[in-house]
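> Got a predicted structure plus its sequence, pasted below:
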Amino acid sequence: MMNLFSIFDPSTSLNFSLNWLSSIYILLLIPNFYWLIPSRYVYFLIMICKILIMEFIMLLNFKLNIYNIILLISLFFFILLNNFMGMFPYIFTSSSHLIFSLTISLIMWFSMMIFGWLLNTNHMFIHLVPQGTPSILMSFMVLIETISNIIRPGTLAVRLSANMIAGHLLMTLISSTGNSLIFLFLIIMLLMQCLLIILELSVSIIQAYVFTILSTLYSAESN
């Protein structure tokens, strides 16, 4: 089991602590916007940005939260490209570690909580008691809502890291049996690996989207 999980360990994969530099590999995927005629890749990124802006406008007031929307779009691309870079061989998957995802989620959560409780205190108190709650259950609902609010950064971080770990572990477990398989089962294993790679690519996109949308929902509660 230790050898299995060592693929996520930055100190044992290449015996260098520089594996965390994989988080800046994404700079290689950022297109050069200074060309006279943008490429199709640039148009594709602009299309994704427009789709995300339309999603965020439904949850946030565009005029009041334009800087938040820009921040959330940047967060989406940062997580997406880190997940995508982790699909390449011999590149450290930084988003599979809690120190990566928990750092992002805690910073987002603390900033939202500080902003909400300092500037929108009454609004934050209203969210502790859902509308229509009986008087006898109000204190119990405040306790439940407080606990659910505290564990939000943990659920965000664990959701991202666990999904990235699960797919990579499954691919590692399946490929580790390749040496002892006959030719027919080897072909089946390769087909399964191809399907898993497609699944992992979709998971890397979905998890970045889910992380960003949930952060947007949490920030909408503090406005």
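Structure received.
> C-alpha from now on. contacts and neighbour counts both.
Will do.
> Give the other helices and strands that the longest helix seen in the chain contacts.
If you go by DSSP state H, the chain has its longest helix at helix 183-222. Here helix 183-222 touches helix 40-59, helix 66-85, helix 98-119, helix 121-128, helix 152-175, going by 3 or more Cα pairs under 8 Å, 6 or more residues apart in numbering; DSSP states H and E.
> what's the angle between it and helix 152-175?
170 degrees (axes from the mean of the first three to the mean of the last three Cα atoms, to 10 degrees).
> What residues sit buried inside helix 183-222?
186, 189, 193, 196-197, 200-201, 203-205, 207-209, 211-213, 215-216, 218-222 (16 or more other Cα atoms under 10 Å).
> same check, this time on stretch 84-95
Applying 16+ other Cα under 10 Å to stretch 84-95 flags 84-87, 91-95 as buried.
> Least reliable of the helices and strands packed on helix 183-222 by average pLDDT, please.
Note on the helices and strands packed on helix 183-222: helix 121-128 shows the lowest mean pLDDT, a mean of 78.
> How about residues contacting that helix?
116-117, 141-142, 145-146, 221-223 (Cα atoms under 8 Å, 6 or more residues apart in numbering).
> Same question for stretch 47-66.
69, 73, 213, 216-217, 220.
> what comes up buried for that stretch?
49, 52-53, 56, 60, 65.
> Next: stretch 103-120.
Of the residues in stretch 103-120, those buried (16+ other Cα under 10 Å) are 104-106, 108-109, 112-113, 116.
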